[in-house]
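Novice: Here is a sequence together with a model predicted from it:
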Amino acid sequence: MPKNTFPAPNPLRRRILTGLAALPVVGLSGPVIAQAGRRYRIELVIFEHRTEESRRLQMELAAPREPLFGESELGGRNYRDSRRGFELQRVVRRVEDSGAGRIIARLAWDQTGRDHASAPWLRVQQGRRLGVHDALGDASGLSPRPLAEAVEERFELEGRLRIWVGRFLHLETDLIYHVEEPLDDRPPRAITVRGSQRMNSGDDLFYLDHPVIGMIARVTRIDET
């Protein structure tokens, strides 16, 4: 069984899982052993749970938080734009049709597999724009982010994630989700979305669950041309 540090799904969130189980997925047949140096295509759907549990936790757990950003960008040297684009539109529709989720991001990129020590973090800024933020200090007293510009645009979902290769592929997330818009000079409150999921490349969809944020991933090994 894949190692997953996220909580077990609440029964209200299982409607999404049940619907996804019936979806046919196009890809390689069967799992492929992970190996550093191989090329992979990653597809990732990120959504907010629309349940009473999610709304309650957003109110109870949210606090001013600052994200840690990755050093690499989508479309850059480490994380290239996917040659085939994003192919999980049926997954997106199923999440939306379930009524239990709101799509925040749909991402697709190609990358070379690296081990845990050398795999770079991908910078994540997705979802609704929340305006600008003084990165050099604010009323919360939080330490400024290193190498940040004086003013940065803020997004609903921010932070970093990466795919690294050990005996298996692993998706690691270190994100914050803002639960409200900024008010005056006060920083917006957010919750942490942090975890790790073991995966295989091939046809399987992998579901990373969190009480507020859900993620659906597919990894396909590709060949250099």
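Specialist: Looks like it arrived, so ask away. Keep in mind that what you see is a predicted model, and the values were worked out from it rather than measured.
Novice: which stretches of the chain form strands?
Specialist: Using DSSP state E, the strands of the chain run over 39-49, 63-64, 80-81, 101-112, 122-134, 151-165, 169-178, 189-199, 206-208, 213-222.
Novice: buried set for the last one?
Specialist: What it means is strand 213-222. Neighbour counts over strand 213-222 (16 or more other CB atoms under 10 Å) mark 213-222 as buried. Backbone N, C-alpha and C define where each C-beta goes, glycine included.
Novice: tell me the angle of that strand relative to strand 169-178?
Specialist: For strand 213-222 against strand 169-178, the angle by axes from the mean of the first three to the mean of the last three CA atoms, to 10 degrees is 150 degrees.
Novice: Sheet-wise, list the partners of strand 213-222 with their directions.
Specialist: strand 39-49 (antiparallel), strand 206-208 (antiparallel) (DSSP bridges).
Novice: Next, the buried residues of the longest one.
Specialist: Which is strand 39-49. Buried residues in strand 39-49, defined by neighbour count with 16+ other CB under 10 Å: 40-49.
Novice: hey, what's Thr112 bridged with?
Specialist: The residues that Thr112 bridges to, once DSSP bridges is applied, are Arg39.
Novice: what's the neighbour count on it?
Specialist: 15 (other CB atoms under 10 Å).
Novice: Quick one: residues contacting it.
Specialist: By CB atoms under 8 Å, 6 or more residues apart in numbering, Thr112 lies in contact with 37-40, 78.
Novice: distance between the ends of stretch 53-67?
Specialist: 24 Å (CA to CA, to the nearest Å).
Novice: Give me the distance from that stretch to the chain's centre.
Specialist: 17 Å (CA atoms, centre = their mean, to the nearest Å).
Novice: One more: stretch 120-128?
Specialist: 8 Å.
Novice: quick revisit: closest one of the buried residues of strand 39-49 to Arg167?
Specialist: Each of these was checked against Arg167 using CB to CB; the closest is Tyr40, at 15.3 Å.
Novice: ok now do that closest one, which residues does it touch?
Specialist: Contacts of Tyr40 by CB under 8 Å, 6+ apart are 110-113, 163, 169, 201, 219-222.
Novice: Low-confidence ranges, this structure, go.
Specialist: 1-34, 133-151, 181-184, 201-203, 223-225 (pLDDT under 70).
Novice: Distance to Arg84 for the buried residues of strand 39-49 - can I get that in CSV?
Specialist: Output for the buried residues of strand 39-49, formatted as CSV (distance: CB to CB, whole Å):
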residue, distance to Arg84
Tyr40, 12
Arg41, 7
Ile42, 12
Glu43, 9
Leu44, 14
Val45, 16
Ile46, 19
Phe47, 22
Glu48, 27
His49, 29
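Novice: and the closest residue to Leu171 other than its chain neighbours, what are its bridge partners?
Specialist: Leaving aside its sequence neighbours, Leu171 sits nearest to Gln197 (CB to CB, 6 or more residues apart in numbering; 4.8 Å). Listed by DSSP bridges, the beta-bridge partners for Gln197 are Asn4, Leu171.
Novice: Hmm, Gln197 is touching Leu208, no?
Specialist: Yes. With contact defined as CB atoms under 8 Å, Gln197 and Leu208 form a contacting pair (4.8 Å).
Novice: Surely Val212 and Leu175 touch.
Specialist: No. Contact criterion CB under 8 Å: Val212 and Leu175 do not qualify, at 10.7 Å.
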